[in-house]
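K.L.:
coordinates for the following, if possible.
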Amino acid sequence: MQKESVIVIDGLSYAYEARNVLEGVNVTVAADDFVSIVGPNGGGKTTLLKLILGLLTPASGSVRVFGKPPAEARSRMGYMPQHAHLDPQFPITVMEVVLMGRLGRSSWGPYSRSDKLAATEALRKLNVWDLRRSRFSSLSGGQRQRVLIARALASSADLLLLDEPTAGLDLAVETELYEILKSFARELTVVMVSHDLGFVSRLVNKVICVKRTVKVHPTCEITGELINEMYGAPMKMVRHDLENGGQFGKCLHS
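P.N.:
Residues are numbered from 1 along each chain as shown. Down below sits the predicted model:
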């Protein structure tokens, strides 16, 4: 049975101050996909994510999320930006940060019981429930990233959009966090921006390569040649998935 199309981008182009950032983009992301957006700095990765969110308007073409314009589908999207606008010294607890993901869910008054249950579930899924009363400012980098992802998850999203969720984390923390994100893809669609193609390629089932134009590849098609072409220079490639015989992934044909 064919899965629902969660994101459909058709003939999209976007320009910033007369400079073309994205051209002729055609992308489809299905329900329960775990997708990584990769590419060089300035290639348009974050711009593509913001177009999906409806924070930017295409110069041409269209974006549909759950069959609607992005602005009409925001209640089904959870978003973690690359740079969270939270003063780390502001005296706010972890639970209060995660509850921010519920803003706009209620028409008035304090957080409801369902809001608190959603925040609790998100904290447990990210393994930071024990930190719920801690000050956000006291957390390590990895703990902060988990809390911010929990905030996005607490919105009861069907689509989770993450911009560099593991930026600045050490390898052990990064590995654990990616495995948690992979587990989410059993229940919802996950799209994340990442620089570490060699690492995420063993976890995601599709890679969206962005360098002004966009090409979509199943992970089994990712090769050193493709990476060199995308980044414009020879790159050392570290393979993290030797259990697959040194391949980046497996193509499954029905």
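K.L.:
where exactly do the strands run in the stretch 51-200 of the chain?
P.N.:
Under the criterion DSSP state E, counting those that start in this stretch, the stretch 51-200 of the chain contains strands at 60-65, 77-80, 159-163, 189-193.
K.L.:
to residue 38, which of these lies closest?
P.N.:
When the strands of the stretch 51-200 of the chain are compared by C-beta to C-beta, strand 189-193 sits nearest residue 38, at 7.7 Å. (Glycine included, C-beta is placed from N, CA and C.)
K.L.:
listing partners with orientation, what would you give for that closest one?
P.N.:
Paired strands of strand 189-193, with direction, are strand 34-38 (parallel), strand 159-163 (parallel) (DSSP bridges).
K.L.:
make CSV from the strands of the stretch 51-200 of the chain and add mean neighbour count, mean pLDDT and distance to residue 42 to it.
P.N.:
Compiled in CSV, these are given as follows (neighbours: other C-beta atoms under 10 Å; pLDDT from 0 to 100; distance: least, C-beta to C-beta, whole Å):
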stretch, mean neighbour count, mean pLDDT, distance to residue 42
strand 60-65, 18, 96, 21
strand 77-80, 22, 91, 21
strand 159-163, 23, 92, 15
strand 189-193, 24, 92, 13
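K.L.:
any chance of JSON lines for these, columns distance to residue 176?
P.N.:
As requested, these are exported to JSON lines (distance: least, C-beta to C-beta, whole Å):
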{"stretch": "strand 60-65", "distance to residue 176": "29"}
{"stretch": "strand 77-80", "distance to residue 176": "17"}
{"stretch": "strand 159-163", "distance to residue 176": "15"}
{"stretch": "strand 189-193", "distance to residue 176": "15"}
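K.L.:
still on that earlier bit, out of the strands paired with strand 189-193, nearest to residue 186?
P.N.:
Judged by C-beta to C-beta, the one of these that comes nearest to residue 186 is strand 34-38, at 9.3 Å.
K.L.:
nearest to residue 147, of the strands of the stretch 51-200 of the chain?
P.N.:
Smallest distance to residue 147 across the strands of the stretch 51-200 of the chain (C-beta to C-beta): 10.1 Å, for strand 77-80.
K.L.:
adjacent strands (with direction) for that closest one?
P.N.:
In the sheet, strand 77-80 lines up against strand 159-163 (parallel) (DSSP bridges).
K.L.:
show residues contacting the strand it pairs with.
P.N.:
Here strand 159-163 makes contact (C-beta atoms under 8 Å, 6 or more residues apart in numbering) with 6-7, 45-46, 49, 52-53, 65-66, 73, 76-82, 149, 152-153, 181, 184, 188-193.
K.L.:
what's near enough to touch residue 33?
P.N.:
Shown in contact with residue 33 (C-beta under 8 Å, 6+ apart): 3, 6, 185, 189, 190, 191, 205, 206.
K.L.:
just the closest of those to residue 95, please.
P.N.:
Using C-beta to C-beta, residue 190 is the member of the contacts of residue 33 that sits closest to residue 95, with 23.6 Å.
K.L.:
hang on, that closest one packs against residue 183?
P.N.:
No: at 9.8 Å, residue 190 does not count as touching residue 183 under the criterion of C-beta atoms under 8 Å.
K.L.:
mind listing what's buried in stretch 7-17?
P.N.:
Buried residues in stretch 7-17, defined by neighbour count with 16 or more other C-beta atoms under 10 Å: 7, 8, 9, 12, 13, 14.
K.L.:
same question but for stretch 122-139, I mixed them up
P.N.:
122, 123, 125, 126, 128, 131, 132, 135, 136, 139.
K.L.:
mind checking the backbone torsions on the fourth one?
P.N.:
As for residue 126, its main-chain torsions (degrees, to the nearest 10) stand at phi -90, psi 10.
K.L.:
which residues sit in contact with it?
P.N.:
Residues near residue 126 by C-beta under 8 Å, 6+ apart: 146, 147, 149, 150, 153, 180.
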